[in-house]
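J.: fold the following for me, if possible:
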Amino acid sequence: MIQIISKPLITEKAMSKTDKGQYVFEVNPAANKVQIKSALELMFEVNIVSIRTATTKGKYKRRITKRGLMEGRTNLKKKAYITLKPGQEIELVTGSNQGND
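T.: Next comes the predicted model:
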């Protein structure tokens with residue numbers, strides 16, 4: 001079985017959507033919406049209303065080093081935007097301000 005959910009995305013844009021019950025997760029590029037929905041419902045025990053996915057291609061990168069020109073690509077990424085039923089939420093960040101006196 002493939003690992004479906006990689007991590008939640010904690011960016012400013014993603015966190016602004018949590019007021020509306022929407023969350024963003026980075027998922028395996030081979031996973032489909034049915035697999036993503038079942039994995040998230042099992043993991044967080046919530047009811048998901050809708051899922052939208054977005055796939056981003058890897059960027060072409062090159063840099064000059066002492067050994068010469070190095071070229072390559074970054075990995076393909078897939079994001080899942082999920083919407084929960086009203087009144088439900090996922091606790092993503094816990095204890096973020098502890099120890100910052």
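J.: isn't Tyr81 right up against Ile51?
T.: Yes. Tyr81 lies in contact with Ile51 (Cβ atoms under 8 Å); the separation is 7.1 Å. Bear in mind the C-beta positions are built from the backbone N, C-alpha and C, glycine included.
J.: quick one: the helices in this structure?
T.: 12-16, 33-44 (DSSP state H).
J.: so of the ones you listed, which one's packed in deepest?
T.: helix 33-44 (a mean of 16; mean count of other Cβ atoms under 10 Å).
J.: same for it, what does it pack against?
T.: Helix 33-44 is packed against strand 5-8, strand 22-27, strand 48-56, strand 77-84, with contacts defined by 3 or more Cβ pairs under 8 Å, 6 or more residues apart in numbering; DSSP states H and E.
J.: mind running it again at 7 Å?
T.: strand 5-8, strand 48-56 (3 or more Cβ pairs under 7 Å, 6 or more residues apart in numbering; DSSP states H and E).
J.: among the ones you listed, which is nearest Lys85?
T.: Among these, the nearest to Lys85 by Cβ to Cβ is strand 48-56 (5.7 Å).
J.: now do that closest one against strand 77-84, angle only.
T.: Strand 48-56 and strand 77-84 meet at an angle of 160 degrees, taking axes from the mean of the first three to the mean of the last three Cα atoms, to 10 degrees as the criterion.
J.: shaky segments in this protein?
T.: Scanning the chain for pLDDT under 70 picks out the ranges 1-2, 93-101.
J.: give me that answer again for 50
T.: 1, 94-99, 101 (pLDDT under 50).
J.: okay, now Thr83: neighbour count?
T.: Thr83: 15 surrounding residues under other Cβ atoms under 10 Å.
J.: that one against Val46, yeah?
T.: No. Using Cβ atoms under 7 Å, Thr83 makes no contact with Val46, being 10.5 Å away.
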